[in-house]
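Q: Let's see this in three dimensions:
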Amino acid sequence: EVLNRFDDFQTFLVRYARRHEKRRSDGLAAGLFSEFVQHGLELGHSLEVLRSDHGFALGNTWVQFPGLDALNSAMQRLDAEDIDDVEVIAQGLLEAEASLRDSLDQVLGQLDATPASEALVNLRDAVDQRVRTLSSDVSDFQKM
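A: Modelled structure (predicted):
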């Protein structure tokens, strides 16, 4: 069930992107949105690689990814409310990705050093970089 949520998340991202690509013509919103979709697809791919290559090694730690639910919920909310405000979008994504980063930190704290944990460290670092970028974006939008 938990593993299916990763597939659902990727499927939702692609569907969301296709549905909104024409509507999001504002430069800032479109740029932020396309960056997020790209990041989301990369994240989904990373999770898929972890699952296929290291799923057994990770064992039950998959169930400890509440941050993925937060990210999915943020996307669902932005979709349902048809939000175009770029600052609101950036803030929602920032909170969700920060939650995912924290979840990855919790999982890493419970794993011994293995190829699986190294892969998770790389994923956490990528999410952390995205959190920093979104923080900067939100700050820039607030100054406008």
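
Q: what does the average pLDDT come to for whichever strand or helix holds T133?
A: According to DSSP states H and E, T133 maps onto helix 115-143. Helix 115-143 carries an average pLDDT of 78.

Q: same for it, what does it pack against?
A: helix 27-58, helix 86-109 (3 or more C-beta pairs under 8 Å, 6 or more residues apart in numbering; DSSP states H and E). (Glycine included, C-beta is placed from N, CA and C.)

Q: tell me the angle of that helix relative to helix 86-109?
A: 160 degrees (axes from the mean of the first three to the mean of the last three C-alpha atoms, to 10 degrees).

Q: Can you give me every residue that contacts L108?
A: 117, 120-121, 124 (C-beta atoms under 8 Å, 6 or more residues apart in numbering).

Q: one more time with 6 Å, if that's ok
A: Listed by C-beta atoms under 6 Å, 6 or more residues apart in numbering, the contact partners of L108 are L120.

Q: R124 - how many residues pack around it?
A: Burial measure for R124: 18 neighbouring residues, criterion other C-beta atoms under 10 Å.

Q: scratch that, A98
A: What A98 shows, counting by other C-beta under 10 Å, is a neighbour count of 19.

Q: mind checking how far the closest residue to it other than its chain neighbours is from P115?
A: Among residues not flanking A98 along the chain, V131 sits closest, at 5.2 Å (C-beta to C-beta, 6 or more residues apart in numbering). Distance, V131 to P115, using C-beta to C-beta, to the nearest Å: 25 Å.

Q: the more surrounded of these two?
A: Counting neighbours by other C-beta under 10 Å for V131 and for P115 shows that V131 has the greater number, 20 against 11.

Q: what residues are up against the residue nearest to A98?
A: Taking C-beta under 6 Å, 6+ apart, one finds 97-98, 101 in contact with V131.

Q: Any idea which of those residues the model trusts least?
A: Minimum pLDDT across the contacts of V131 falls on E97, with 74.

Q: Surely that residue touches R130?
A: Yes - the criterion here is C-beta atoms under 6 Å, and E97 meets it with R130 at 5.4 Å.
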